[in-house]
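Asker: Everything below, folded, please.
(one chain, ligands or ions: 4)
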Amino acid sequence: MSGLIITSVPLPPSIGTACPSDGLLYESSPPTAELKAAEPTVGSSYKIGQSPHIGRLLIATRDICADEVIIDSEEALAVGPKQATHPVCLNCYRRVDGSYLCPLCQWPLCSEACWQSENGHHQRYECELLASKQVHPTIEELKQDDCRLYDCIAPMRIVLDSHRNPERNRLWLGLEDHRMYRKKIGIWQIDKHTVVDPVREKWQLGDRFDDEELQRACGILEVNAFEVCDEDKSISARAVYSHACLMAHDCVPNTACTVNPATQKMTVRAAVDISAGQMITTSYTFTLDGTLRRRAHLKETKFFDCCCPRCSDPTELGSHLSSLACPRCSGRNYTVPEDPLNPESYWKCLGEQCGNRIGPTQVSQLLTCLQRKADELNYDDTRGLEIFIETWSSILHPNHSILIGIKYYLCHFYGNAPGYQLHQLPLHLLVRKIKLCEELLGVALILEPGASNFHCSLIRELELTEKELARGQMSEEDTETTDFEDDNQP
Ligand SMILES: [Zn+2]
Ligand SMILES: [Zn+2]
Ligand SMILES: [Zn+2]
Ligand SMILES: [Zn+2]
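Answerer: Ligands and ions are numbered 1, 2, ... in the order given. I've put the predicted structure just below:
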């Protein structure tokens, strides 16, 4: 399966375009204003700036053209397994089954070759400590799809790295951890249960790691880490970068980020032209989610209320990812929130003559119900997916996030899935794929324009499908001509 899968999705990092009113969010520890990450190298197109509401961020120092590399192969400050992951190799982050164990600490690795690789993260950081305490996953834990022991590895590496020398410590101190907010909403307590207590008490490493250091490392990861994965999702890790993590959030980012899954190096390109003085941004959430879900996700995982232009616009900049068909106008007009920044807002019809309003409870019940139906869909049954789209297109805008997610899946499925390769598709499915590409491109042009992975992959898929369709039509014409000639044989 290739094509539409994006090699890296930010987990996502740092702080964002947040509502200035929410003062608590910016109570950092320690105050970041006094801290400095390594400065950008000479000739960089950006500098590290500071905003009272957003904290530290990257600002373009000159005009940057679309597709220009802004950050070239930035080395990760730290890499480690994701939270609640299936068991992975502690060096290359590929899934492991426990058949090869590290000869020193008995944690599973993928192979002897990986164990012997130079610069293995595992040997460099936790191996010796784990070996000294003889702590490793049990056979039962190795069967879990959400093995919480792996949650401890990345925070331990950050603490060990910060102990190595004052320069490294300064880099870590420069990253946000939203300490107060994590305490307020209980994440602090969860991290104590899944990371701090296991490391300090169960593994008896309290003399090497104190509570505060581990909590800060957990916060840095939650706020700043990017997800590292490859196309077939065999690699699963998270990584923190000193510069890339300073990009502010925007629900319409102006960059495209990719992480090389083998080296975990991050490259950031301009997706669109960026003017001197503009913020360099990425999205910490899923671009194809509607505003209610995006803002809830950002609040829950990144601890801020996004008030970016897209979140503030009832139509999401005309993409209509959240719009509903107006029941009174029988689908001719769309209903949007009166105040998109308030989840309790009433919704009203955009039709000038109509003015129909719907209460927040009614909207929420409808969306919960449809989302549940969508979650229960069998994704192997493409006919069922097409029927779902057809059925609910009368209630939702055709670009509604619930439908667009399924359309995105189908667009990728047709032409890439086994048995559905482009050359195997009948003409009507080639035509359908082109329609899906065009619809999705309309959304991509608004929400991830320019050289974004989403936009570029759709263009590529569209071009290949149009070529295949032209080839199919030509051979059909050939057949017709041959038939005609055959018919005219004496
Ligand atoms: Zn490995
Ligand atoms: Zn080991
Ligand atoms: Zn936003
Ligand atoms: Zn209406």
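
Asker: quick one: low-confidence parts of the stretch 351-490 of the chain?
Answerer: For the stretch 351-490 of the chain, the stretches flagged by pLDDT under 70 are 478-490.

Asker: What parts of it come near ligand 4?
Answerer: Applying CB under 5 Å from the ion, we find that the stretch 351-490 of the chain lies next to ligand 4 at 351, 354, 356. In short, each C-beta sits where N, CA and C put it, glycine included.

Asker: can you tell me which residues contact the second one?
Answerer: With contacts defined as CB atoms under 8 Å, 6 or more residues apart in numbering, the neighbours of residue 354 are 326, 328-329, 333.

Asker: Give me the buried entries from these.
Answerer: Using 16 or more other CB atoms under 10 Å as the burial test, the contacts of residue 354 include 326, 328-329, 333 as buried.

Asker: For the closest residue to ligand 3 within the stretch 101-250 of the chain, what are phi and psi?
Answerer: Per CB to the ion, residue 250 is where the stretch 101-250 of the chain lies closest to ligand 3, at 6.7 Å. Main-chain dihedrals, residue 250, degrees, to the nearest 10: phi -150, psi 140.

Asker: Kindly tell me how buried it is, as a neighbour count.
Answerer: Neighbourhood size, residue 250 [other CB atoms under 10 Å]: 21.

Asker: wait, it sits on residue 278?
Answerer: No - taking contacts as CB atoms under 8 Å, residue 250 lies outside contact range of residue 278: 10.5 Å.

Asker: Let me see the backbone angles for residue 423.
Answerer: Residue 423 has phi and psi values of phi -70, psi -10 when expressed as degrees, to the nearest 10.

Asker: Show me the shaky parts of this protein.
Answerer: 1-39, 41-42, 331, 478-490.

Asker: Write out the residues of it neighbouring ligand 2.
Answerer: 102, 104-105, 127.

Asker: where's the nearest residue to residue 200 once chain neighbours are set aside, which helix or strand?
Answerer: Leaving aside its sequence neighbours, residue 200 sits nearest to residue 206 (CB to CB, 6 or more residues apart in numbering; 4.0 Å). If you go by DSSP states H and E, residue 206 is not part of any helix or strand.

Asker: Would you confirm that residue 206 contacts residue 197?
Answerer: No - between residue 206 and residue 197 there is no contact, the gap being 10.0 Å when judged by CB under 8 Å.

Asker: between the two, which one's more packed in?
Answerer: Neighbour tally, residue 206 and residue 197, criterion other CB under 10 Å: the higher count belongs to residue 197, 16 against 13.

Asker: Figure out the helix or strand that that one lives in.
Answerer: Using DSSP H and E, residue 197 maps to helix 197.

Asker: coming back round to it: nearest to residue 465, of the buried ones among the contacts of residue 354?
Answerer: residue 333 (32.6 Å; CB to CB).

Asker: for that closest one, what are its contacts?
Answerer: 325-326, 349-351, 354.

Asker: from the middle of its chain, how far away would the helix holding residue 197 be?
Answerer: Chain-centre distance of helix 197: 29 Å, with CA atoms, centre = their mean, to the nearest Å.

Asker: Show me what it is packed up against.
Answerer: In terms of contacts (3 or more CB pairs under 8 Å, 6 or more residues apart in numbering; DSSP states H and E), helix 197 is packed against no helix or strand at all.

Asker: Of all the residues in the next helix or strand after it, which ones are buried?
Answerer: For helix 197, the following helix or strand on the C-terminal side (DSSP H and E) is helix 211-224. Neighbour counts over helix 211-224 (16+ other CB under 10 Å) mark 213-224 as buried.

Asker: Show me what helix 211-224 is packed against.
Answerer: helix 153-164, helix 179-184, helix 187-191, strand 236-240.
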